[in-house]
Every structure is written in C-alpha cells, then in structure tokens.
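Colleague: fold the following, please.
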Amino acid sequence: MAERSRWTFVLGGAFGGKAFEALMPSGVAAVAALKTKRPVRVVFDRALDMRSTGKRHPIKTWFKAAVTKEGKLLGLELKVYLNAGWNLGLSFFVLTCALPYNSPYKIPVARMNGVLCRTNSPSNTAFRGFGHPQKLFYMETIMRAISHKLGLSVDKVKEINFVNEGDTILANMKLEGIFLHQCWNRCKEQADYDTRVKEIEKFNRENRWKKRGIAMTPTVFNLGYPVNIMLQGYALLHAYLDGTVLLTHGGIEMGQGVNTKVQQIAATVLEIPITDILIGETSSSTVANTFESGGSFVADINGGATKVACETLMERLKPFREAIPGGTFKDWVGAALASRVSLSVMGHYKVPGMTTNFDVMKRTGDFTWYFTHNAACSEVEIDCLTGEHQVWCY
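Modeller: Residues are numbered from 1 along each chain as shown. Alright, predicted model coming up:
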C-alpha cells in the first residue's frame, strides 16, 4: 500500500452510495491500466450509472406484537427480508442497522429474524441512514397497526411506547441523554399540530378528490459503527512561519461540512482566525490508514484528532507564549522554530469507552458511541384521481 498514493479532496454527495460502488469501475480501470501500461479513466454516463449501481434496499417485514389494552408494547416477533441484489456488498451491515436494536419505541423482549435475499438485480448498497429509514417505516407501521386494532389514537400509542432516559434497548445498552418526550412535545407545539389536525379533517370532509394527511414521527439514531477498528481518526497539522496552518484529516468532504467543522475546532484551540487555516486534500501519503467517511460521525473522530493535534502544538508553544505574553501566534511559531521545536503534529483520536465489537447474535459488546433523537411533522396532499402528491407543510 505504501507504493501507491491515493487522494481525494471533495465528492459530489451521495454519502453511503459511494462506499462500495466505486469498486467495479475502479477494478475495470486498474486491469486496463495494468494491461496497457497507460492511465485509464472510466466514466459512466447517467443511464449506465443508474442501471448498474445499487439503490436503497427494498424491505419486506412480517410482525406479531403483544400489547396491553392501552397499547403498550410487551413483545415483538419480527421477520425482516432485505433485497441484497446479486452480491453481498454492504447488505449484512445494512440489515444489522435495519433491525430494531435501537428504536424510538421501547421493545421489552423480541424475537428477530433478518434475512438477506439474493436476487438478479444490481447489488443494493448503503444509502443515507444504512437501514435506519427502513426500520423507521416498519416501526411506524407497527404503531399504526396497534392503534387501528385497539381503536386508539396512533399518537397516544406512540407516546405510551417512547423510550426514556435510562431504558435498556435490545442491544443491551442503556440510553443516556435521550429526552424524546420533550422533543416530541416541542415539535407538536411548534407545528401547531392539534389545530392542523382539525383543519385537515375539515378539508377532507369538504373535498372529494383531494385529501390531506398529517403525521408526526420520532426517531432515535445511533452514531458510528459497532466495529472498534473504525472508531478512530487522524489529523496532520503543519504550522508555518507566517502564522498560517495546513490541516489534513482522514475525513472526506461531500457536502456535510466536515472541513468547516475541523477548521472551527482548530481555530478555537489555536486561537487564530479560521481564515488562517487551510484544509489539505485527503491523501494516503499524508494521513494513512483512514476509514470510510460514514456513520454520521466523521466530524466527531476527525475533529477529535484535530483537537488532539492542536492541543499538542499549543503545549509545545507554551514556553514561548509565556516568554512573549503580548505576542501573536505568528510570533510564537517563529520563536519555536528558532529554538528547533517541531511545528508538525500528527493527532490520533479513538472513541472513548468502546472496547469490544458488537455481536449481533449474542447482543453483547459495544453497540454505538452515543444516540441522537428528534421528531418531525409533515403534512401531505394527494390528488385521488391522478395520484399527484406534494408535501404541503413540514
């Protein structure tokens, strides 16, 4: 691997869709380059790209739920079938995320069976959420089915089943920092939900061919990966005589703002303007052994590595800051270089508290670093004759 240098500066979005999909064209280019002894570039037109590359995994779910007469979930039997396409790809990991090891609803006990289905379609791959959106859809379907069966309000059924701070989820992990009830109530208040429900009921009575619907949806999302080797980040920092800083980290910018975030961290720790910090391209010759930019925590691990690197540099500059108390970062850097102090730092950060990989069968090990949670409200209008629909408000 040291013989070849690989670099990326920015990508045009797609997030998880770029995880494995580049292997096929890059493999074709590599073989052609090896045979012809010349550089080879492979470019798919849009039609070929859409036909050959995978999409989000279609899912089919069967369930049986045990509930109280008030609608509180006591247990869940679940079978999840995921269309993997013609090869495995990332489907096992997506299936793991699609099972309700964590959920906005408390599941006291469950029997889960996840099945990957090989089909004659392009291999489906990781999309934004890595199976979480599919899980969100079927859990909402389950809540709605319970409410219909018992003749209860679907919102009341959801609320009675929300997870709370301190609850233990199916991944055998205790929830911390989760205040879903407060988040839900705030969303309901800001959306003026109850008033809009009445307005929609009135609209639907008065309109035969156009109908509106409204719904609130909660979510609890786990950050990072349940594989320890991926829970680390690197950053390389160079300080220059003019007071500027070149920073290279292991994350790839694809519109999520990771470069801006690490710049802000560096500017805060080094106490210099953000305009004095330049982000270099991600390269295996500058920051080696990096991991994929995914899991919604790229800024966490690479920002952590940036913070470590900046703090190390500031510690090296401490004697010169004390010697020149009224000086600037440029003055301290110049004095350090004159004293033969290194102005280059490699920062390494590993996620604290996670020591063992998560075992999906035994439900043991560290499942995730931490959780985030939210609630959303959407209103949709549909034309019953044409099927045309639009998001009316959200």
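Colleague: so which residue is smack in the middle of this structure?
Modeller: By Cα atoms, centre = their mean, the chain has its centre lying nearest to Ser296, at 2.7 Å.
Colleague: could you pull out the helices for the chain?
Modeller: With DSSP state H, the ranges of helices along the chain come out as 23-36, 46-52, 91-98, 132-150, 154-161, 180-190, 193-206, 258-270, 298-323, 329-338.
Colleague: with adjacent residues omitted, what lies nearest to the residue with the largest distance to the centre of the chain?
Modeller: Here the chain reaches farthest from its C-alpha mean at Ala323, the gap being 45.1 Å by Cα atoms, centre = their mean. Excluding the flanking residues, the one nearest Ala323 by Cβ to Cβ, 6 or more residues apart in numbering is Ala335, at 7.0 Å. Where C-beta positions appear, they are placed from N, C-alpha and C, glycine not excepted.
Colleague: that neighbour: neighbour count?
Modeller: 17 (other Cβ atoms under 10 Å).
Colleague: that one touches Arg321, doesn't it?
Modeller: No - counting by Cβ atoms under 8 Å, Ala335 does not reach Arg321; the two are 9.2 Å apart.
Colleague: tell me the contacts of the residue nearest to the residue nearest to the centre of the chain when sequence neighbours are not counted?
Modeller: Using Cβ to Cβ, 6+ apart and skipping the chain neighbours, the partner closest in space to Ser296 is Leu223 (5.3 Å). Leu223 sits next to 295-297, 300, 368-372 when contact means Cβ atoms under 8 Å, 6 or more residues apart in numbering.
Colleague: residues touching Cys377, list them.
Modeller: Taking Cβ under 8 Å, 6+ apart, one finds 187-188, 191, 193, 214-217, 394 in contact with Cys377.
Colleague: which among those end up buried?
Modeller: 187-188, 191, 193, 214-217 (16 or more other Cβ atoms under 10 Å).
Colleague: tabulate those (CSV), appending distance to Phe358 and pLDDT.
Modeller: Conversion of these to CSV gives the following (distance: Cβ to Cβ, whole Å; pLDDT from 0 to 100):
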residue, distance to Phe358, pLDDT
Cys187, 30, 95
Lys188, 34, 95
Ala191, 36, 94
Tyr193, 36, 95
Ile214, 37, 95
Ala215, 32, 94
Met216, 30, 95
Thr217, 26, 95
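Colleague: what's the domain layout of the chain?
Modeller: 12-52, 54-161 (automatic domain parsing).
Colleague: re earlier: closest to Leu270 among the contacts of Leu223?
Modeller: Among the contacts of Leu223, Asp300 lies closest to Leu270 (Cβ to Cβ), at 19.6 Å.
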